[in-house]
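In: 3D model of this:
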Amino acid sequence: MRLHKEGRKRLQKLMLIQGVSQRDLAQAIGWSSHSYLGRILRGTVSVIDTDAAARIAHHFEVGVDDLFLVEASSDSRQSGKQKAS
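Out: Prediction:
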């Protein structure tokens, strides 16, 4: 899943409103370190695994699609093209 610019802003806003630090959120979703979350929030990393995206969305009680974009892998797009031929 990809965290788009608007999703990153929403996530930062949710964290601010609810008083959740990077360290708090990382711990709440089961990560041992908050550094990866920091890179996600800065936009250095934009891809996150589906399970972590779901845990973040659940923590803030929002839909996954409110924060993240689901993107098909190039393999699945390629196989779809082959089927259409």
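In: Check which element follows the top helix by length along the chain along the chain.
Out: Determined from DSSP state H, the single longest helix within the chain is helix 5-18. Sequence order places helix 22-28 as the next helix or strand after helix 5-18, per DSSP states H and E.
In: for that following helix, which positions count as buried?
Out: Using 16 or more other Cβ atoms under 10 Å as the test for burial, helix 22-28 gives Gln22, Leu25, Ala26. (Glycine included, C-beta is placed from N, CA and C.)
In: Quick one: mean pLDDT for it?
Out: Average pLDDT, helix 22-28: 95.
In: Alpha carbons only: can I get that helix in CSV?
Out: These are the backbone C-alpha positions of helix 22-28, laid out as CSV (Å, rounded to 0.1, in the frame of the first residue of the first chain):
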residue,chain,number,x,y,z
GLN,A,22,5.5,8.6,16.5
ARG,A,23,6.8,6.4,19.3
ASP,A,24,3.3,5.9,20.7
LEU,A,25,1.9,4.9,17.3
ALA,A,26,4.7,2.6,16.4
GLN,A,27,4.3,0.8,19.8
ALA,A,28,0.5,0.6,19.4
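In: Tally up the residues packed near the closest residue to Val70 other than its chain neighbours, please.
Out: Excluding the flanking residues, the one nearest Val70 by Cβ to Cβ, 6 or more residues apart in numbering is Met1, at 5.8 Å. Using other Cβ atoms under 10 Å, Met1 has 22 other residues around it.
In: Torsion angles phi and psi at Leu67?
Out: Torsion angles at Leu67 (phi, psi; degrees, to the nearest 10) stand at phi -120, psi -30.
In: what sits against the nearest residue to Thr50 once chain neighbours are set aside?
Out: Nearest residue to Thr50 in three dimensions, chain neighbours excluded: Met1, at 5.6 Å (Cβ to Cβ, 6+ apart). Taking Cβ atoms under 8 Å, 6 or more residues apart in numbering, we find Met1 in contact with Val47, Ile48, Asp49, Thr50, Ala53, Val64, Phe68, Leu69, Val70, Glu71.
In: So Met1 versus Ala28, what's the distance?
Out: Distance, Met1 to Ala28, using Cβ to Cβ, to the nearest Å: 18 Å.
In: OK, contacts around Val64?
Out: Contacts of Val64 (Cβ under 8 Å, 6+ apart): Met1, Ala53, Ala54, Ala57, Val70.
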